[in-house]
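In: quick one, what's the 3D model for this:
(one chain, ligands or ions: 3)
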Amino acid sequence: MSAPLRLGIAGLGTVGIGVVKIIQKHADLVSVRCGRPVTITAVSARDRTRNRDADLSEFAWEADAVSLAQRDDVDLFVELIGGDAGVAKDSIEAALRAGKDVVTANKALLALHGQELAELAEAEGRVIRFEAAVAGGIPVIKALTESLAGNGINRVMGVMNGTCNYILTRMESAGLPYETVFEEARQLGYLEADPTLDVGGIDAGHKLAILAAIAFGTRVNFDAVEIEGIVRVSIDDIHRAEDMGYRIKLLGVAQMTARGLEQRMSPCLVPADSPLGQLNGGTNMVVIEGDSAGQIVLRGAGAGEGPTASAVMSDVIEIARGTRLPTFGRPAASLAAAQPARTAVPAAYYMRMELQDKPGALAKVAAVLGDSGISIDRMRQYGHASRDGVPVLVVTHKTTPEAIDHAIAALPRTGVLTGDPVELRIEEV
Ligand SMILES: NC(=O)c1ccc[n+]([C@@H]2O[C@H](COP(=O)([O-])OP(=O)(O)OC[C@H]3O[C@@H](n4cnc5c(N)ncnc54)[C@H](O)[C@@H]3O)[C@@H](O)[C@H]2O)c1
Ligand SMILES: N[C@@H](CCO)C(=O)O
Ligand code: NA
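Out: Ligands and ions are numbered 1, 2, ... in the order given. The predicted structure follows:
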């Protein structure tokens, strides 16, 4: 049996403690699978005295994560602190410069500084692996980098923030407004310390940017992701979309077009009977379309101690076995700076508006859509019960985002709407 792979683990929160527990529970299994033992030399966290759900007495303690990363008796540095800069970035850079490989779960850091870190790793002859950073326990980084390496990738998409999927499905099942369910999610501890990362679509945007870089061989470019969170999704839209056979998801889509790389993370309608439409609660789903493999659908837990630590361990084991993959699946210098393109791929759209109940109102709406070059596929008018306006729903035939923008700007000028019109893209899945 070869010499042990000695780990230094920085960050002993949900994920860090999960990793310690797996190593303690499965020492023999891991050792047999790697052909060598995997051991923990030293750990670091902010508060040494905190009561943690694991026995850490055998490990050396380092107050400073950078010192931990540089220890001579550490071969592999595992960064589980988090944050898109600061000590997470400093300690990873220190580890690479000190000749250590790195495993991290830090999507924010990779989305913002992935290219720089990939170049540093390569210059130092080291590897950075990050299976846990995208969709937690779902093996999506390995699927793209290894299993589908023989494919040209046409499109990558998915639901990659469990908290948002929990909020949207709970709104639908309980008939509760966004604000109430957001508070529930807070009470349940589902939200990041800064909830905007979740509900603003930023966390999911980080993950999409990482997947797009691997899928299309481009430099990771989070700034180019068009992001809209779930804050404007109303319970009305959830119910109306359901009536029309759809469900609303915070969906990320990345695809290369003739105009450049489209990356968007936004609330979209998907058919209720599709795999994405059936995804409930805090679960994640990633869909990859390869030119030979066709459509691959991966579903599972995107967060939580066990699933995330499982993904971290898959990277640790990969390195212990001697597999050395380039950060984004190809040499860092060959990653091209993709031309970012705003969404232009045509799609059907869902539109909801409230109209005054008077002769000619519907005709004026139809005229605006016609003038915008939009063809109507389905239209439904509801009785107005106690509301001020009459709810009207439109599902369009495929059209461009420009045409939709044109219609949304023109509709209020008809003078027949009682509120702002709502539009949501219907993604073909
Ligand atoms: N929790 C999840 O389900 C999940 C899923 C996927 C990815 N991730 C990622 O994993 C990473 C860790 O997440 P978490 O949920 O375990 O976070 P956490 O907040 O539970 O734990 C963070 C740990 O880092 C430690 N820490 C903070 N500052 C430090 C410093 N200066 N030096 C050393 N340690 C320091 C804290 O003491 C704590 O032990 C993050 O990058 C996160 O985005 C988490
Ligand atoms: N806040 C994230 C955690 C996992 O990255 C989520 O809800 O999916
Ligand atoms: Na993963």
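In: if I look at the residue sitting furthest away from the middle of the chain, how far off is residue 419?
Out: Here the chain reaches farthest from its C-alpha mean at residue 359, the gap being 46.3 Å by CA atoms, centre = their mean. Computed as CB to CB, to the nearest Å, the residue 359 to residue 419 distance reads 20 Å. From N, CA and C alone the C-beta is placed, and that goes for glycine too.
In: quick one on the thing from earlier: dump the residue contacts of the residue farthest from the centre of the chain.
Out: Residues in contact with residue 359 (CB atoms under 8 Å, 6 or more residues apart in numbering): none are found.
In: going forward, the N-terminal residue is numbered 28.
Out: All set: I'll call the first residue 28, so the last point we hit is now residue 386.
In: element containing it?
Out: Residue 386 is located outside every helix and strand, with elements delineated by DSSP states H and E.
In: cool, and residue 194?
Out: In this structure, residue 194 is located in helix 189-201 according to DSSP H and E.
In: anything in the following helix or strand past that helix near ligand 1?
Out: The helix or strand immediately downstream of helix 189-201 is helix 205-214, counting by DSSP H and E. No. Using CB under 6 Å from any ligand atom, helix 205-214 stays clear of ligand 1, with a minimum separation of 14.0 Å.
In: from ligand 1, how far out is the residue nearest to residue 160 when sequence neighbours are not counted?
Out: Of all residues not flanking residue 160 in the chain, residue 134 sits nearest, at 4.1 Å (CB to CB, 6 or more residues apart in numbering). In this view, residue 134 and ligand 1 are 6 Å apart by CB to the nearest ligand atom, to the nearest Å.
In: contacting residues for residue 153?
Out: Counting by CB under 8 Å, 6+ apart, residue 153 makes contact with 122, 123, 126, 127, 128, 129.
In: quick one: contacts for the fifth one?
Out: Contacts here follow CB under 8 Å, 6+ apart; on that basis residue 128 touches 102, 103, 104, 122, 153, 154, 155, 156, 346.
In: now tabulate those residues in TSV and tack on distance to ligand 2.
Out: As requested, these are exported to TSV (distance: CB to the nearest ligand atom, whole Å):
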residue	distance to ligand 2
102	27
103	22
104	21
122	22
153	25
154	22
155	18
156	17
346	22
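In: return the member of the residues you listed nearest to ligand 3.
Out: residue 156 (10.7 Å; CB to the ion).
In: the residue lying closest to the closest one once chain neighbours are set aside: helix or strand, and which one exactly?
Out: Spatially, and ignoring its direct neighbours in sequence, residue 156 is nearest to residue 342 (3.7 Å; CB to CB, 6+ apart). Assigning secondary structure by DSSP H and E places residue 342 in helix 332-347.
In: give me the contact list for the very next helix or strand once past that helix.
Out: Using DSSP H and E, the helix or strand that directly follows helix 332-347 along the chain is strand 375-382. For strand 375-382, contacts defined as CB under 8 Å, 6+ apart pick out 263-264, 267-268, 271, 273, 296, 388-389, 392, 401, 404, 414-426, 431, 434, 438, 443-446, 448-453, 455.
In: and the pLDDT for residue 415?
Out: According to the prediction, residue 415 has pLDDT 76.
In: how close does the residue lying closest to it once chain neighbours are set aside get to ligand 3?
Out: Closest residue in space to residue 415, ignoring its immediate chain neighbours: residue 445 at 5.0 Å, by CB to CB, 6+ apart. Per CB to the ion, to the nearest Å, residue 445 is found 46 Å from ligand 3.
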